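[1] Give the three-dimensional model of this entry:
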Amino acid sequence: MKRSSHGFFGFMRSGKKLILATACFALLTQSWSLIFIEEVTMLTDDDQLIGVCERDVDIMSDFGYRILAIGEAFVTYAFPFLLTIVMDIAVLYQSANSRQPPKMPLSCTTSLTRSEYTAV
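    Sure, this is the predicted structure:
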């Protein structure tokens, strides 16, 4: 049975495409801070000028930043974790329902000698 490499997840069968998709995903999920964070300079009590980074309240409200933080946490942590658990369960389920015995690589079978067959 040959699997088709077409479809939505067809890029996962190519290493170069998978690396490119991972890079695009990382860029999208991590670059939001460049847009929504601004540098603010402040004068302290002892007349020192300091710069701090904080959220830009002109772009989005506090509630919007909460939604953004929750969305980023879900997309970058919870979703991959849950996907890993589902795939692990799918592999265990598939191997439990497989009727074929596990296949031994050809390199293992050619290294066995005739005396090892008779000793077993």
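[2] what helix or strand is the spatially most central residue of the chain on?
    What sits nearest the mean C-alpha location of the chain, by CA atoms, centre = their mean, is P80, with 5.4 Å. When elements are assigned from DSSP states H and E, P80 belongs to helix 79-97.
[3] Next: V40.
    Using DSSP H and E, V40 falls within strand 37-43.
[4] That strand pairs with which strands?
    Taking DSSP bridges as the criterion, strand 37-43 forms sheet pairs with strand 49-55 (antiparallel).
[5] which helices and strands does the next helix or strand after the partner strand pack with?
    Using DSSP H and E, the helix or strand that directly follows strand 49-55 along the chain is helix 62-73. When contacts are defined as 3 or more CB pairs under 8 Å, 6 or more residues apart in numbering; DSSP states H and E, helix 62-73 sits against helix 32-36. In this view, the C-beta of every residue, glycine as well, is placed from N, C-alpha and C.
[6] which residues touch the helix it packs on?
    The contact list for helix 32-36 (CB atoms under 8 Å, 6 or more residues apart in numbering) reads 55-56, 59-60, 65, 68, 72.
[7] And stretch 39-54, end to end?
    Stretch 39-54 has an end-to-end distance of 7 Å (CA to CA, to the nearest Å).
[8] from now on call the first residue 640
    Yep, numbering from 640; the last one is stretch 678-693 now.
[9] That one: how far from the chain's middle?
    In terms of CA atoms, centre = their mean, to the nearest Å, the centre of stretch 678-693 is found 37 Å from the chain centre.
[10] follow-up on the earlier one: chain center to the helix holding P719, what's the gap?
    Centre-to-centre, helix 718-736 and its host chain are 15 Å apart (CA atoms, centre = their mean).
[11] With just CA atoms, put it into PDB.
    What follows is helix 718-736, C-alpha atoms only, in PDB (Å, rounded to 0.1, in the frame of the first residue of the first chain):
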ATOM      1  CA  PHE A 718      -1.400  22.000  21.000                       C
ATOM      2  CA  PRO A 719       2.000  20.300  20.300                       C
ATOM      3  CA  PHE A 720       1.800  18.500  23.600                       C
ATOM      4  CA  LEU A 721      -1.700  17.200  22.900                       C
ATOM      5  CA  LEU A 722      -0.800  16.300  19.300                       C
ATOM      6  CA  THR A 723       2.200  14.300  20.600                       C
ATOM      7  CA  ILE A 724       0.000  12.300  23.000                       C
ATOM      8  CA  VAL A 725      -2.600  11.600  20.300                       C
ATOM      9  CA  MET A 726       0.100  10.400  17.900                       C
ATOM     10  CA  ASP A 727       1.700   8.200  20.600                       C
ATOM     11  CA  ILE A 728      -1.700   6.600  21.300                       C
ATOM     12  CA  ALA A 729      -2.300   6.100  17.500                       C
ATOM     13  CA  VAL A 730       1.100   4.300  17.100                       C
ATOM     14  CA  LEU A 731       0.300   2.100  20.100                       C
ATOM     15  CA  TYR A 732      -3.100   1.400  18.800                       C
ATOM     16  CA  GLN A 733      -1.800   0.600  15.300                       C
ATOM     17  CA  SER A 734       0.900  -1.700  16.600                       C
ATOM     18  CA  ALA A 735      -1.600  -3.500  18.800                       C
ATOM     19  CA  ASN A 736      -4.000  -4.100  15.900                       C
END
